[in-house]
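>>> Predicted model and sequence below, questions to follow.
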2 protein chains.
Amino acid sequence: MSDVARSREQRKADTLARLAAPVLDAWVATDGPYLVPLTLAWFEERLIAATDGASPTAKSLISTGRARIGIGPTRDVIMIDAVLERRLPVGEAHEVGEAYAAQNDWDPRTAGPDYVFLVLRPTRIQAWREANEIPGRTLMRDSTWLP
Amino acid sequence: MSDVARSREQRKADTLARLAAPVLDAWVATDGPYLVPLTLAWFEERLIAATDGASPTAKSLISTGRARIGIGPTRDVIMIDAVLERRLPVGEAHEVGEAYAAQNDWDPRTAGPDYVFLVLRPTRIQAWREANEIPGRTLMRDSTWLP
């Protein structure tokens, strides 16, 4: 365990760097409980998922509007609560589709007409490594970055 | 992407080896949706979690009896659906407590009387790496290993 907890400013910088890095692999939980590994993109402070619109995760997310997203490893965690802002059929996702393909190693626009982009707006973001970072883990609350 | 999908026998061997290895870090989803990183143990074909009995995850799990567990990295996934078989206050968890402490780097029996072990019985286990392993991903169904 590291002895020194990062400052909030440092955690925010680390978190934004990880969200913007190539191939953002995440675990996405929705009511069910469903849990799936998905590759996301980070665009205009939104998380972008791409999935078959008929998948259990897409249906649960469209029905409840909420997801919880874990980005690991589990001892260097980013945890995000998010709400579904909009869904876009891949054929209509111009900027969002470009952003997703630029960050990742596949382009959902080639996956067929059943695929949709789900645009998730974070409402809370937490980041911690070990137990000593738990007290200051909240970086965003009510969709607002803490100062 | 690897060209060769593993046989079911090989995936089962790989999966059992990972479940029994030191420090089994996992993502545990319960209704809410809640999602938390937890360190588990694997004992007598059960997953053992240790958490504060008043945590949202413990309360959701005790209420619904169900969890979905993801073990990463997200391109070498083990996905487990499980039901809560029993909960044990840490002070009463003899064999289970020994097994947990032996596999992991902390001993929940030192965490105070509010901590409980949650014994989860897998009902379905899936394992896959890339898209070519999706078709054969189910290793256990209805609590029975497939032949």
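Perfect, thanks for sending it. Worth saying up front: this structure is predicted, and the values here are computed from it rather than measured.
>>> Could you report the separation of A:Ala101 from B:Arg18?
Using Cβ to Cβ, to the nearest Å, A:Ala101 is found at 32 Å from B:Arg18. C-beta: built from backbone N, CA, C; applies to glycine.
>>> ugh, typo on my part, it should be A:Leu40
Distance, A:Leu40 to B:Arg18, using Cβ to Cβ: 24 Å.
>>> These two: which is more packed in?
Neighbour count, other Cβ atoms under 10 Å in any protein chain shown: between A:Leu40 and B:Arg18, A:Leu40 has more, with 24 against 14.
>>> Could you tell me how far the helix or strand where the more buried one lies lies from the centre of the chain?
Per DSSP states H and E, A:Leu40 falls inside strand A:34-43. Counting by Cα atoms, centre = their mean, to the nearest Å, strand A:34-43 is centred 6 Å from the centre of its parent chain.
>>> How about the residue nearest the centre of chain A, nearest residue that isn't a chain neighbour?
With the centre of chain A defined as its mean C-alpha position, the nearest residue by Cα atoms, centre = their mean is A:Leu47, 4.4 Å away. Computed as Cβ to Cβ, 6 or more residues apart in numbering or on different chains, the closest residue to A:Leu47 that is not its neighbour in sequence is A:Leu120, at 4.4 Å.
>>> Run through the bridge partners of that neighbour.
Taking DSSP bridges, one obtains A:Leu47, A:Leu84 as the residues bridged to A:Leu120.
>>> Would you mind confirming that it makes contact with A:Ala49?
Yes - between A:Leu120 and A:Ala49 there is a contact under Cβ atoms under 8 Å: 6.5 Å.
>>> Can you give me the buried ones in stretch A:77-84?
Under the neighbour-count criterion of 16 or more other Cβ atoms under 10 Å in any protein chain shown, stretch A:77-84 has A:77-82, A:84 buried.
>>> same thing with stretch A:41-53?
Across stretch A:41-53, burial judged by 16+ other Cβ under 10 Å covers A:41-43, A:46-51, A:53.
>>> Check stretch A:17-32 too.
Neighbour-count burial for stretch A:17-32 flags A:19, A:24, A:26-32 (criterion: 16+ other Cβ under 10 Å).
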